[in-house]
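Engineer: Got a sequence here, can you model it:
(chains A, B, C and D)
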Number of protein chains: 2
Amino acid sequence: MLKIQDVARHAGVSAATVSRVLNGRSTVNPELAARVHAAVRELGYRPNGVARNLRRRQTTLWAVLISDVGNPFFTSLVRGVEDGGRQFGYSVVLCNTDENRAREAEYIAVALADNMAGVIISPADDSTDISALVAAGTAVVTIDRELAETEVDAVLVDNEKGAEMATAHLLESGYRRIACITGPRRMSTAMRRLRGHQRALRAFGLPPDRSLIRHADFREEGGYSAMAALLDEGVEIDAVFAANNLMTVGAVECLTERGVAIPGQVGVIGFDDIPWARLFRPGLSTVRQPTYELGRAAAQLLADRIDNPARPAARMVLQTELHPRESSSPRTG
Amino acid sequence: MLKIQDVARHAGVSAATVSRVLNGRSTVNPELAARVHAAVRELGYRPNGVARNLRRRQTTLWAVLISDVGNPFFTSLVRGVEDGGRQFGYSVVLCNTDENRAREAEYIAVALADNMAGVIISPADDSTDISALVAAGTAVVTIDRELAETEVDAVLVDNEKGAEMATAHLLESGYRRIACITGPRRMSTAMRRLRGHQRALRAFGLPPDRSLIRHADFREEGGYSAMAALLDEGVEIDAVFAANNLMTVGAVECLTERGVAIPGQVGVIGFDDIPWARLFRPGLSTVRQPTYELGRAAAQLLADRIDNPARPAARMVLQTELHPRESSSPRTG
DNA sequence: GATTTCCGAGCAATCGATTTCCGAACATGG
DNA sequence: CCATGTTCGGAAATCGATTGCTCGGAAATC
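Structural biologist: Numbers count the residues shown, from 1 in each chain, chains lettered A, B, ... in the order given. Just a heads-up that it's a prediction; the model follows:
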């Protein structure tokens, strides 16, 4: 592989000058610069990024820690981060943590060891420890979820409002016994969405009913079993609000399997969109989160923080959109 | 940040010894090794990966070049690659190329500049130029698609057989005027799937009919317009085989919009599974590709090639699975 | 014309770990 | 007891680019 020294020799200048020409941090005689550029072209020289990274003490890599790209929510989010990263000259390292704290810690260690310029993380847990990153001065943006301990940039959606919209929509459509299948208690998103749900009920003048609230794991199986439990226990319900996409699918599967008509017997709405939800049977009503935009925004914040480490922590909150489809059609009779 | 020298001093040995202990390439007095380990733990030392990469002239990064993670086919594939990579100690850099050759070249340049250990690529085009990678000795595995020019490891599915299964299934279900919406002529996968389709027709004794064959772009819009064209031109059809997941969705949307009953008036089957296809209206029949396994296999091959650059190029072909659902129910009457 | 200022180019130090090479210490065999 | 072999620690070179510092020369000023 060619080195900067070779280019310097070929152009009849010093390596330092070549570097300056290529990085443009200092002015160089235009004629020399032209010679350098010509030499680079003729030799087909490509700077060694690793050496540059060593000297600059920073790479052009971002780590994106999410639970699973397989979840459409994160798929689109990651795509947003990647597009944003590319725009600013960063590459994105994909880190699936499966909500597993050990795996998360592992990837944080990698980000640190490899001197990554920044980390975008959707913490597995509100108590995920990112102190090592902060201590090392690595730029961090949390996405979708917040951290209890540390003050870092965060990109969020208005979970409470979104959930409130979902439940309010069900109420307006005539549903009254609305179950809520939300996520684990330790996750802020789950709690916020539950709170939004409850707020809508209260605003409508309905009393809270603990038997209608279920905590599951944000996964398909979780949604399925929570739904099954509601049915098995004979809890009287006429609708269900599931707090994320996978649990919505699980709940729908359970209802379908048991021959419960949607929305005839039970109306359904889910938080978070699902690709091609309109092609489902029935078309699934959802509260869409701006997932791609979330990723873009995180990229923006991260790039900015890298250039500007002292800036106080920012907090962006994006809004959701109600997409009513057949699964929550107005109740008849 | 702590350096190896600090650890050496703290443990009362030389930096070389610390390195040997940590990398285990040479034997070190157990007692000293213990002291080194203790020092590492006490100081919380973390080796600088960039410096190591510079010296070793290789990083622990893989680039994965695909058209778009948003496509469920690639989502799952990428997940497979990531799981495989982690197992072998590599991190995965996500590179969405959008079938865009410029973007592809850009990412290849990044992979080269950053000394990435390997590249897994689903080439935008059968003539994608990876010679620079080969010249630099970077390990390369192509996935899903093959390259015309270069001999490199490849992980493929049996496209011809899969497509044959799909069309044969339609024929067995009583469909006779089967349209085929395949991909661009320049892509080997598109042509293979078309050939499989035609083989099934031939085996069944049906004459080829050019008016039933459409080339689209492997995207939702492409499937939609191809389907629309078929309907607008009044081509007589009773079923359609779409050669990938997105075009299947597009075709179904077109049919649904125009009130064409599936499978009543037109049966549908698609190549490549779609998440939750069973929840669609109607449940979509598909030929499932082992996408996750494809990713795992590519990771395996890549890791192996990195350790063993001289090995002759391997070619793995995985099989598909037919998943008949309602959209291709046996034709009645 | 002499002195000061300023600009830009090059030398050399630096980033931090790995690895080659050399020499010391110790063991083993004759 | 010496010769030979073996093991292992440490000094120093190396990977390749960036950048602080220095100094020469041109321009500006009096």
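Engineer: List the buried residues in stretch A:36-47.
Structural biologist: For stretch A:36-47, the buried set under the neighbour-count rule, 16 or more other C-beta atoms under 10 Å in any protein chain shown, comprises A:36, A:39, A:40, A:45, A:47. C-beta coordinates here come from the backbone N, C-alpha and C atoms, glycine included.
Engineer: can you tell me which of these are in helices?
Structural biologist: The subset of the buried residues of stretch A:36-47 located in helices under the criterion DSSP state H comprises A:36, A:39, A:40.
Engineer: tally of neighbours for the closest residue to DNA strand C within chain A?
Structural biologist: Using C-beta to the nearest atom of the strand, residue A:29 is the residue of chain A that sits closest to DNA strand C, at 2.6 Å. Residue A:29 has 11 neighbouring residues, counting by other C-beta atoms under 10 Å in any protein chain shown.
Engineer: And the strands in the stretch 1-150 of chain A, which stretches?
Structural biologist: Under the criterion DSSP state E, counting those that start in this stretch, the stretch 1-150 of chain A contains strands at A:61-66, A:91-96, A:118-121, A:139-143.
Engineer: interface residues of the stretch 51-200 of chain A facing DNA strand C?
Structural biologist: Listed as neighbours of DNA strand C in the stretch 51-200 of chain A under the rule C-beta under 7 Å from any atom of the strand: A:51, A:54, A:55, A:57.
Engineer: So which of the residues you listed wins on neighbours?
Structural biologist: Neighbour counts for these, by other C-beta under 10 Å, peak at residue A:54, which reaches 20 neighbours.
Engineer: which residues touch it?
Structural biologist: Contacts here follow C-beta atoms under 8 Å, 6 or more residues apart in numbering or on different chains; on that basis residue A:54 touches B:48, B:50, B:51, B:54.
Engineer: repeat that with 6 Å
Structural biologist: If a contact means C-beta atoms under 6 Å, 6 or more residues apart in numbering or on different chains, then residue A:54 has B:50, B:51, B:54 as its contacts.
Engineer: So which of the residues you listed belong to helices?
Structural biologist: Mapping the contacts of residue A:54 onto helices (DSSP H) picks out B:50, B:51, B:54.
Engineer: can you list the strands of the stretch 1-150 of chain A in CSV and add mean pLDDT and mean neighbour count?
Structural biologist: Formatted as CSV, the strands of the stretch 1-150 of chain A follow (pLDDT from 0 to 100; neighbours: other C-beta atoms under 10 Å in any protein chain shown):
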stretch, mean pLDDT, mean neighbour count
strand A:61-66, 98, 26
strand A:91-96, 98, 24
strand A:118-121, 98, 28
strand A:139-143, 97, 26
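Engineer: Would you tell me which of the ones you listed gets closest to residue B:88?
Structural biologist: Ranking those by proximity to residue B:88 (C-beta to C-beta) places strand A:91-96 first, at 15.2 Å.
Engineer: follow-up on the earlier one: with the ones in helices among the buried residues of stretch A:36-47 in mind, which one is nearest to residue A:90?
Structural biologist: Compare each of those with residue A:90 using C-beta to C-beta and the shortest gap goes to residue A:40, at 23.2 Å.
Engineer: Can you tell me the closest non-neighbouring residue to the closest one?
Structural biologist: Taking C-beta to C-beta, 6 or more residues apart in numbering or on different chains as the measure, residue A:40 lies nearest to residue A:7, with 5.8 Å between them; neighbours along the chain are not counted.
Engineer: Walk me through the regions of the stretch 151-300 of chain A where pLDDT falls short of the threshold, as ranges.
Structural biologist: Low-confidence segments of the stretch 151-300 of chain A, defined by pLDDT under 70, are absent; every residue clears the threshold.
Engineer: hey, where'd the helices end up in it?
Structural biologist: A:159-172, A:188-204, A:220-232, A:245-257, A:291-307 (DSSP state H, counting those that start in this stretch).
Engineer: mind checking how far the first one is from the chain centre?
Structural biologist: Translated: helix A:159-172. On the basis of C-alpha atoms, centre = their mean, to the nearest Å, helix A:159-172 sits 22 Å off its chain's mean C-alpha point.
Engineer: list the buried ones in that helix?
Structural biologist: Across helix A:159-172, burial judged by 16+ other C-beta under 10 Å covers A:159-171.
Engineer: List the contacts of that helix.
Structural biologist: Helix A:159-172 has contacts (C-beta under 6 Å, 6+ apart) with A:178, A:189, A:192-193, A:195-197, A:199-200, A:204, A:239, A:241, A:267, A:269, A:287, A:320, A:322, A:328.
Engineer: Convert the C-alpha atoms of that helix to CSV, please.
Structural biologist: Extracted as CSV, the C-alpha positions of helix A:159-172 are listed here (Å, rounded to 0.1, in the frame of the first residue of the first chain):
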residue,chain,number,x,y,z
ASN,A,159,-45.2,8.6,24.2
GLU,A,160,-47.8,9.9,26.6
LYS,A,161,-49.6,12.0,24.0
GLY,A,162,-49.4,9.2,21.5
ALA,A,163,-50.9,6.7,23.8
GLU,A,164,-53.6,9.2,24.9
MET,A,165,-54.5,9.7,21.2
ALA,A,166,-54.8,5.9,20.8
THR,A,167,-57.1,5.4,23.7
ALA,A,168,-59.1,8.5,23.1
HIS,A,169,-59.7,7.3,19.5
LEU,A,170,-61.0,4.0,20.9
LEU,A,171,-63.3,5.8,23.3
GLU,A,172,-64.6,8.1,20.5
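Engineer: Please name the residues that touch residue A:215.
Structural biologist: Residue A:215 makes contacts with A:182, A:185, as judged by C-beta under 6 Å, 6+ apart.
Engineer: mind running it again at 8 Å?
Structural biologist: Residue A:215 neighbours (C-beta under 8 Å, 6+ apart): A:182, A:183, A:184, A:185, A:190, A:226.
Engineer: Would you reformat the ones in helices among the contacts of residue A:54 as a markdown table and include pLDDT and distance to residue B:301?
Structural biologist: Supplementary listing: these in a markdown table, determined by pLDDT from 0 to 100; distance: C-beta to C-beta, whole Å:
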| residue | pLDDT | distance to residue B:301 |
| --- | --- | --- |
| B:50 | 96 | 27 |
| B:51 | 96 | 29 |
| B:54 | 96 | 27 |
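Engineer: now those as TSV including distance to residue B:90?
Structural biologist: Supplementary listing: the ones in helices among the contacts of residue A:54 in TSV, determined by distance: C-beta to C-beta, whole Å:
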residue	distance to residue B:90
B:50	16
B:51	18
B:54	18
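Engineer: Nearest to DNA strand D, out of those residues: which one, please.
Structural biologist: When these are compared for distance to DNA strand D (C-beta to the nearest atom of the strand), residue B:54 comes out closest, at 4.2 Å.
Engineer: Can you name the residue of chain A nearest chain B?
Structural biologist: Sorted by distance to chain B under C-beta to the nearest C-beta, the residues of chain A start with residue A:281, at 3.5 Å.
Engineer: ok, now which ones touch the residue of the stretch 151-300 of chain A found nearest DNA strand D?
Structural biologist: Here the stretch 151-300 of chain A gets closest to DNA strand D at one residue, residue A:299, 23.2 Å apart by C-beta to the nearest atom of the strand. Going by C-beta under 8 Å, 6+ apart, residue A:299 touches A:62, A:80, A:81, A:83, A:84, A:85, A:87, A:88, A:120.
Engineer: Using ChimeraX, make a named selection holding only the buried ones among the contacts of helix A:159-172.
Structural biologist: Only the buried members of the contacts of helix A:159-172 end up in this ChimeraX selection, burial being decided by 16+ other C-beta under 10 Å:
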select /A:178,189,192,193,196,197,199,200,239,241,267,269,287,320,328
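Engineer: Burial check on residue A:180, number of neighbours?
Structural biologist: Neighbours of residue A:180 using other C-beta under 10 Å come to 24.
Engineer: should've said residue A:110
Structural biologist: Here the number of neighbours of residue A:110 (other C-beta under 10 Å) works out to 18.
Engineer: Same question for the one 4 residues further on.
Structural biologist: For residue A:114, the tally of surrounding residues (other C-beta under 10 Å) stands at 22.
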